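>>> Pasting a predicted model and its sequence here:
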Amino acid sequence: MENMDKRVQKEVEFHDRWAATIDVVALDVDIYFEGSTSPENRFIMRQLGDIQGKRILDLGCGAGENSVYFARKGAHCIASDISSGMVETALKLADKYGVKVDGKVINAMNIDFPDNSFDIVYAANILHHVNPKLALQEMYRVVKPGGKVCFWEPLKHNPIINIYRQIAKDVRTEDEAPLDINIIQFTKKLFSDVKFDTFWLISLWIFIQFYLIERVSPNKERYWKKIIYEEPRLRRLYFRLERLDYLVKKLPFMKRFAWNIAVVATK
């Protein structure tokens with residue numbers, strides 16, 4: 001328990017420091033869900049459909065792009081994070097866009113809400129910072145029967161991304177652990193219906209391009225943010241590579257070698 005408390009504290013400190021550097025004026029929330037280089041969220045939104053009037057918990061809200069996007073679509077959203085700095089940033093972003101978002105500091109492994117509180121629980125890139133099974137059990141607990149839990153996360157199987165992780169130590173937390181694709185089997189034990197897909201195989205060429213051709217230091221810029229910020233210039237290239245990804249994923253066992261997995265599970 002003491003080791004877990006120390007891990008949580010390190011996560012808080014890391015993300016508070018990051019939050020202090022974020023310029024909300026520069027953030028474009030639509031591109032996080034509708035841009036070419038956001039295939040995970042495009043997949044999730046296709047499964048969710050209309051979210052007007054839905055009560056949503058954005059778990060691990062980061063700078064608040066997700067919460068604000070949902071609020072702009074008519075949802076009632078709570079931006080939650082273990083980092084109070086990130087929650088404050090999310091609320092500033094909501095003010096920028098003129099939408100109402102509530103904020104709350106929450107530990108994903110002990111969600112401070114009663115059972116069956118939400119229509120949707122959404123978590124982007126948080127499970128690999130915590131105990132994923134414990135967090136999923138909590139997400140299951142607080143979503144209503146018939147409600148949906150959505151998450152997207154990095155997987156641990158791709159050798160290119162694993163090299164990147166070894167290089168980009170300054171922009172990652174010490175204890176984070178990308179997921180095994182078998183997290184799907186655990187999720188299916190909890191939920192009545194589970195839909196998922198994986199993303200970024202051949203399209204990881206963009207990371208190689210950043211590093212070898214554009215000479216972008218992975219410790220100066222977060223590549224997983226850069227692909228979104230610079231989506232307009234990457235769009236044509238990404239869609240060409242995505243078509244190749246689609247073909248490669250048809251081969252046996254290849255889905256596991258993608259960078260990210262996106263899941264929508266119904267309680």
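That came in fine, so what should we check first? Bear in mind the structure is a predicted one, so any value in this text is a computation, not a measurement.

>>> Near the nearest residue to Ser67 once chain neighbours are set aside, how many other residues are there?
Nearest-residue entry for Ser67: Ala79, 3.9 Å, with adjacent residues in sequence omitted and distances by CB to CB, 6 or more residues apart in numbering. Just so you know, the C-beta spots here come from the backbone N, C-alpha and C atoms, and that holds for glycine as well. Ala79: 32 surrounding residues under other CB atoms under 10 Å.

>>> With the one 3 residues further on instead?
Ile82 is surrounded by 22 other residues when neighbours are defined as other CB under 10 Å.

>>> Ala94 versus that one, what's the distance?
According to CB to CB, to the nearest Å, Ile82 and Ala94 sit 19 Å apart.

>>> what do you get for Phe118?
Applying CB to CB to Phe118 and Ala94 gives a distance of 18 Å.

>>> on that earlier part again, tell me the spacing between the residue nearest to Ser67 and Tyr122.
In terms of CB to CB, Ala79 sits 10 Å off from Tyr122.

>>> what sits in contact with each of these two?
Taking CB atoms under 8 Å, 6 or more residues apart in numbering as the criterion, Ala79 and Tyr122 both touch Asp58, Asn66.

>>> number of nearby residues for Asn107?
With other CB under 10 Å as criterion, Asn107 counts 17.

>>> so who does Ile227 touch?
By CB under 8 Å, 6+ apart, the residues touching Ile227 are Thr37, Ile206, Leu234, Tyr238.

>>> how about the helix or strand hosting Arg236: buried residues?
Element membership for Arg236 (DSSP states H and E) is helix 231-248. For helix 231-248, the neighbour count (16 or more other CB atoms under 10 Å) marks Glu231, Leu234, Tyr238, Leu241, Glu242, Asp245 as buried.

>>> residue ranges for the helices of the protein, please.
Using DSSP state H, the helices of the chain run over 2-19, 31-34, 39-48, 65-72, 84-97, 132-142, 159-167, 183-190, 205-208, 223-229, 231-248.

>>> where in the protein is pLDDT low?
1-4 (pLDDT under 70).

>>> Identify the residue nearest the geometric centre of it.
With distances taken as CA atoms, centre = their mean, Ala124 lies nearest the centre of the chain, 2.0 Å away.

>>> Please tell me how far it sits from Glu40.
Distance from Ala124 to Glu40, by CB to CB: 8 Å.

>>> Find residues that contact each of these two.
Residues within reach of Ala124 and of Glu40 at once, by CB under 8 Å, 6+ apart, are Trp152.

>>> Longest strand in the protein, please.
Identified as the longest strand of the chain according to DSSP state E is strand 143-154.

>>> what does that strand contact?
40-41, 44, 47-48, 116-128, 132, 136, 139-140, 161, 178-179, 183, 191, 259-267.

>>> got the angle for that strand vs helix 39-48?
160 degrees (axes from the mean of the first three to the mean of the last three CA atoms, to 10 degrees).

>>> what pairs with strand 143-154, and is each one parallel or antiparallel?
The pairing partners recorded for strand 143-154 under DSSP bridges are strand 118-124 (parallel), strand 260-266 (antiparallel).

>>> Buried residues, it. List them.
Val143, Gly147, Lys148, Val149, Cys150, Phe151, Trp152, Glu153, Pro154.

>>> Redo those residues as TSV? Include distance to Ser67.
TSV is the format used below for these (distance: CB to CB, whole Å):
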residue	distance to Ser67
Val143	17
Gly147	17
Lys148	16
Val149	16
Cys150	13
Phe151	15
Trp152	15
Glu153	18
Pro154	21
